[in-house]
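Asks: Sharing a model that was predicted from the sequence below.
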Amino acid sequence: MQNSKLTPANIVILVAGFVVLIASFLPFYKVSLPDLLGGDRNFNAWNSDIFLLGVATIVVLCGVVMATAVALTAFANTNLPDRVLGFTWDQVHLALGFQATIMMVLFLVRDKSGLDFGIGFFLMLIAAVGLLVGAIMRQRESAPTGY
């Protein structure tokens, strides 16, 4: 991983990772029901009633892994191995950021079965895009400048 200097790309990843974690506890989906049926219901990314647990939480885990790796090197002066399973940390960040973004975009096109998106969904979507942007910025920061 890069030295412990906190670069703009790493700041973007830290903020996006924090936002995706906090947003996961806010309403991801919401449904308005008559009072007779219990009134309005909200479901966050950790809710297993509508099978979000395990699907939406993958996005959260991607963000947490990315932010934790950045935080460990920037604030705890931890030296992480140069490669993980043969991939550089920049490649790991790019794969996780891409995975998070694609999953959130797919939630947009999926049939919601009468559910509406909550504020947690929109914040997670923005944060997932932020993770991908931060990962791309990292790639560009570490790329050689001359050709």
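Replies: Structure received.
Asks: Spatially central residue in this protein, please.
Replies: Centroid check for the chain by C-alpha atoms, centre = their mean gives residue 63 as the closest residue, at 3.6 Å.
Asks: Nearest residue to it in space, please, no chain neighbours.
Replies: Excluding the flanking residues, the one nearest residue 63 by C-beta to C-beta, 6 or more residues apart in numbering is residue 20, at 3.7 Å. Yep, even glycine has a C-beta here, placed from its N, CA and C like the rest.
Asks: do residue 26 as well
Replies: Nearest to residue 26 is residue 120, by C-beta to C-beta, 6+ apart, at 3.3 Å.
Asks: roughly how far apart are the one you found and residue 137?
Replies: 25 Å (C-beta to C-beta, to the nearest Å).
Asks: Please apply the same query to residue 42.
Replies: 34 Å.
Asks: where exactly do the strands run in the chain?
Replies: Ranges of strands within the chain are 29-31, 41-43, 83-84, 87-88, 116-117, based on DSSP state E.
Asks: now, of those, which is deepest in the fold?
Replies: Highest mean neighbour count among the strands of the chain (mean count of other C-beta atoms under 10 Å): strand 29-31, with a mean of 20.
Asks: Remind me what that one packs against, helices and strands.
Replies: strand 41-43, strand 116-117 (3 or more C-beta pairs under 8 Å, 6 or more residues apart in numbering; DSSP states H and E).
Asks: could those strands be laid out in JSON lines, adding mean pLDDT?
Replies: Output for these, formatted as JSON lines (pLDDT from 0 to 100):
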{"stretch": "strand 41-43", "mean pLDDT": "85"}
{"stretch": "strand 116-117", "mean pLDDT": "87"}
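Asks: which residues of this protein score low on pLDDT?
Replies: The chain contains residues with pLDDT under 70 at 1-4, 34-39, 51-52, 143-147.
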